[in-house]
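Q: I would like the atomic coordinates for the input below:
(one chain, ligands or ions: 1)
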Amino acid sequence: MRLDIISIFPEYFAPLDVSLIGKARERGTLDVHVHQLRDWTHDVHKTVDDTPYGGGPGMVMKPEVWGEAIDAVAGDGAPRLIVPTPSGRPFTQELAQELAGEPWLLFACGRYEGIDSRVMEEYGSRLRVDEVGIGDYVLAGGEVAVLVMVEAIGRLLPGVLGNAQSAVDDSFAPGSMQNLVEGPVYTKPPVWRGHEVPEVLLSGHHGKIARWRRDQALRRTVRNRPELAAALDPDTLDKHDRKL
Ligand SMILES: Nc1nc2cc(Br)ccc2s1
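A: Alright, predicted model coming up:
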């Protein structure tokens with residue numbers, strides 16, 4: 001997968017050199033290119049923003065600069081254009097899975113009050129354009145949102161996770177974990193400061209362990225994410241689940 005990221009703060013993406021994503025880049029699973037938006041300005045101050053039409057606070061990012069940048073990076077190709085914004089569609093595990101199947105993603109990192117909407121209109125006619133949010137709060141720019149999305153997407157690529165099963169068991173993963181969060185996890189020692197590991201996990205009885213884990217996932221989902229629990233497909237709940 002090729003990833004292009006356009007930002008006025010390319011240094012935000014240094015973390016993509018480390019850990020899982022860094023190793024995926026070394027292996028060639030991920031081909032990441034970060035671009036400085038100001039490289040496509042033509043004035044001495046490298047201006048990327050201006051006051052909003054209609055008045056109001058803050059500044060809006062100029063369409064001309066973004067147009068030149070995206071034209072230069074995309075060329076005649078057809079990357080999927082992802083624009084992080086608080087007003088976008090929710091970024092979910094399902095969308096991460098979908099984006100992990102794309103050959104080329106181009107992330108446009110807005111700042112200030114956002115990018116002039118005509119940029120998304122312009123490219124919507126020839127590229128798949130998704131305005132995507134990572135939660136109901138406002139950041140200072142799209143860079144951190146891109147880091148979140150790149151990590152969530154990158155870990156789903158073949159060979160990135162040491163154990164591919166981990167992604168299947170992820171919270172929210174399509175299939176048996178749809179609309180479920182994961183339950184508690186434990187490792188050695190069996191007793192730590194008087195806290196014992198649940199006995200079933202030491203039993204070696206895989207059926208009972210799987211049942212216990214699902215119960216714990218359901219209980220945690222009901223407690224922490226009641227709106228997900230309400231959306232659980234009744235057909236996926238067996239009679240035992242319903243008793244919880
Ligand atoms: N939650 C989010 N906040 C922001 C702010 C800006 Br400015 C750009 C993108 C995003 S995504």
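Q: Look up the closest residue to Met120, ignoring the ones flanking it.
A: Val129 (5.4 Å; CB to CB, 6 or more residues apart in numbering). Using the backbone N, CA and C atoms, a C-beta is placed for each residue, glycine as well.
Q: my guess is that neighbour contacts Tyr123, does it?
A: Yes. Val129 lies in contact with Tyr123 (CB atoms under 8 Å); the separation is 5.4 Å.
Q: circling back: so what's the backbone phi/psi at the residue nearest to Met120?
A: For Val129, the backbone dihedrals (degrees, to the nearest 10) come out as phi -120, psi 130.
Q: Now the nearest residue in space to Gly141 that is not next to it in sequence. Its backbone dihedrals?
A: Sequence neighbours aside, Arg111 is the residue nearest to Gly141 in space, at 4.2 Å (criterion: CB to CB, 6+ apart). Backbone torsions of Arg111, given as degrees, to the nearest 10, read phi -140, psi -180.
Q: who touches Arg111 in this structure?
A: For Arg111, the contacting residues are Ile8, Phe9, Val48, Asp49, Met61, Ala140, Gly141, Gly142, by CB atoms under 8 Å, 6 or more residues apart in numbering.
Q: at 7 Å instead, please
A: Ile8, Met61, Gly141 (CB atoms under 7 Å, 6 or more residues apart in numbering).
Q: Quick check: next helix or strand after the lowest-mean-pLDDT helix or strand in the chain?
A: None of the helices or strands of the chain scores lower by mean pLDDT, DSSP states H and E than helix 164-168, at a mean of 69. Going down the chain from helix 164-168, the next helix or strand is strand 191-192, by DSSP states H and E.
Q: so Phe91 makes contact with Ile134?
A: Yes. Here Phe91 lies in contact with Ile134, judged by CB atoms under 7 Å, at a distance of 4.9 Å.
Q: which parts of the protein sit against the ligand?
A: Residues of the chain found near the ligand (CB under 6 Å from any ligand atom) are 84-86, 110-111, 114, 133-135, 137-139, 141-142, 145.
Q: Give me the subset of those residues lying in helices.
A: Residues of the residues of the chain next to the ligand located in helices (DSSP state H): Ala145.
Q: Now the two most distant members of the residues of the chain next to the ligand.
A: Farthest apart among the residues of the chain next to the ligand by CB to CB are Arg111 and Gly135. That separation is 17.8 Å.
Q: residue boundaries of the helices in this protein?
A: Using DSSP H, the helices found in the chain span residues 19-27, 63-74, 93-100, 118-124, 143-154, 164-168, 206-224, 226-231, 239-243.
Q: Not counting residues beside it along the chain, what's closest to the residue nearest in space to the middle of the chain?
A: Compute the mean C-alpha point of the chain, and by CA atoms, centre = their mean the closest residue is Met149, 2.5 Å away. Excluding its sequence neighbours, the residue lying closest to Met149 (CB to CB, 6+ apart) is Phe91, at 5.9 Å.
Q: what's that neighbour in contact with, if anything?
A: Phe91 makes contacts with Val132, Gly133, Ile134, Met149, as judged by CB under 7 Å, 6+ apart.
Q: what about stretch 117-130, how long is it end to end?
A: 13 Å (CA to CA, to the nearest Å).
Q: Which residue is the nearest non-sequential neighbour of Leu30?
A: Sequence neighbours aside, Ala24 is the residue nearest to Leu30 in space, at 4.3 Å (criterion: CB to CB, 6+ apart).
Q: thought the one you found was touching Arg155?
A: No. Under the criterion of CB under 7 Å, Ala24 is not in contact with Arg155, lying 8.6 Å apart.
Q: Which one's more surrounded, these two?
A: More crowded of Ala24 and Arg155, by other CB atoms under 10 Å: Ala24, with 22 against 18.
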